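Peer 1: just need the structure, nothing else, for what follows:
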Amino acid sequence: MLITDTSIRNRTTVAVLGLIIILMGGYSYLSLPREAFPDIPIPHILVSTAYEGVSPQDIETS
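Peer 2: Okay, the predicted model is just below:
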């Protein structure tokens, strides 16, 4: 409980450290490289069915 007791006694220090962490996170987020329209690969799905005696159009609609 040493960390919790120290944190309770030094509230200002904990608040300043929290603020520093938040500011550093905001700076890091803003400095990350971003693209306006990134290339996102769209996966293709292949569906194969075996239904003997039925036309492809009937399988597609049912």
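
Peer 1: mind listing residues that contact the longest helix seen in the chain?
Peer 2: Criterion DSSP state H: the longest helix present in the chain is helix 11-31. With contacts defined as Cβ atoms under 8 Å, 6 or more residues apart in numbering, helix 11-31 is touched by residue 7. For the C-beta atoms, the positions are set from N, CA and C on the backbone; glycine is no exception.

Peer 1: next structured bit after that helix?
Peer 2: helix 56-61 (DSSP states H and E).

Peer 1: for that following helix, give me every contacting residue.
Peer 2: The contact list for helix 56-61 (Cβ under 8 Å, 6+ apart) reads 49, 51.

Peer 1: list the buried residues of it.
Peer 2: Buried residues in helix 56-61, counted by 16 or more other Cβ atoms under 10 Å: none are found.

Peer 1: relative to the whole chain's centre, how far out is it?
Peer 2: On the basis of Cα atoms, centre = their mean, to the nearest Å, helix 56-61 sits 38 Å off its chain's mean C-alpha point.
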